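**Q** need a 3D model of the following:
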Amino acid sequence: MTDSADPTPRPLTHKGEARRLRLLDAATQSLLEHGYAQTSIQRIVQQAGGSAATAYQLFGNKEGLLAAVLQHELDKMQAAVFPAALPDQPVGPALHDLAVRLLTYAVQPQAVALHRLLVAECHRMPQLAASLQQAVDKQVHEPLEQCLRQACDRGELKIDDLRQAALTLGHLINGAAFQARLDGGHAGPAPASLLATCRYGVDMLLRAYAA
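**A** All right, here's what the predicted structure looks like:
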């Protein structure tokens, strides 16, 4: 059996991971500049260096590469939005801080452009849509749920359905970002009007679930 058929591929070396990140950066740039249809593995390899064989080994095909690009973006989002100590803070400041971080990231021009690309392509790729929904659930809704759970454990909140409360908060922030996505996004801080909407929504949740 060849290595490519191994269902548990070996971890990448440091050089292999650096090569993968170069390919992801080149793929992101090409997707945003040229769109999915006009992006090819060959174009990405020409820009990033290396070989097409390596790109196919890492990502499988162009759809796999798109999924990897969007997963890479979610990884960056999680690192920027959810600091490790956040769930240990008092719930009011923690949720307000988290909402600002998540909204600010969601309205950045690159995040907006990738969101538009996802909306445009996922209707043709049900498997991609399902896998990315799972990734959003794991990297956005689960950390929100953990933050709420720890607040309940400390006696700050009383929530009968932590899962639904986390989804509600996530959807509220995503909804606040909708207008910014129509406008093309905002570099730097999120607009004051969107931040006010997030503050109001978080305050409503805190009042509704106050212990």
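
**Q** what residues are up against the residue nearest the centre of the chain?
**A** For the chain, the residue nearest the mean C-alpha position is L74 (2.7 Å; C-alpha atoms, centre = their mean). Contact analysis of L74 by C-beta atoms under 8 Å, 6 or more residues apart in numbering lists 135-136, 139-140. The C-beta positions use only the backbone N, C-alpha and C, and glycine is treated the same way.

**Q** care to break this protein down by domain?
**A** Domains of the chain are assigned by automatic domain parsing as 10-60, 62-208.

**Q** so how far is the first one from its chain's centroid?
**A** Chain-centre distance of domain 10-60: 19 Å, with C-alpha atoms, centre = their mean, to the nearest Å.

**Q** same thing with the last one?
**A** Taking C-alpha atoms, centre = their mean, one finds domain 62-208 lying 8 Å from the centre of the chain it belongs to.

**Q** still on that earlier bit, can you redo the contacts of L74 as a markdown table with secondary structure?
**A** Putting the contacts of L74 into a markdown table (DSSP: H, G, I helix; E, B strand; the rest coil) gives the following:
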| residue | secondary structure |
| --- | --- |
| A135 | helix |
| V136 | helix |
| Q139 | helix |
| V140 | helix |
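
**Q** restricted to buried residues, select those residues in ChimeraX.
**A** This is how ChimeraX selects the buried members of these, with burial counted by 16 or more other C-beta atoms under 10 Å:
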select :135,139,140
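
**Q** so which of the contacts of L74 comes closest to G170?
**A** Closest to G170 out of the contacts of L74 is V140 (5.5 Å), distances taken as C-beta to C-beta.
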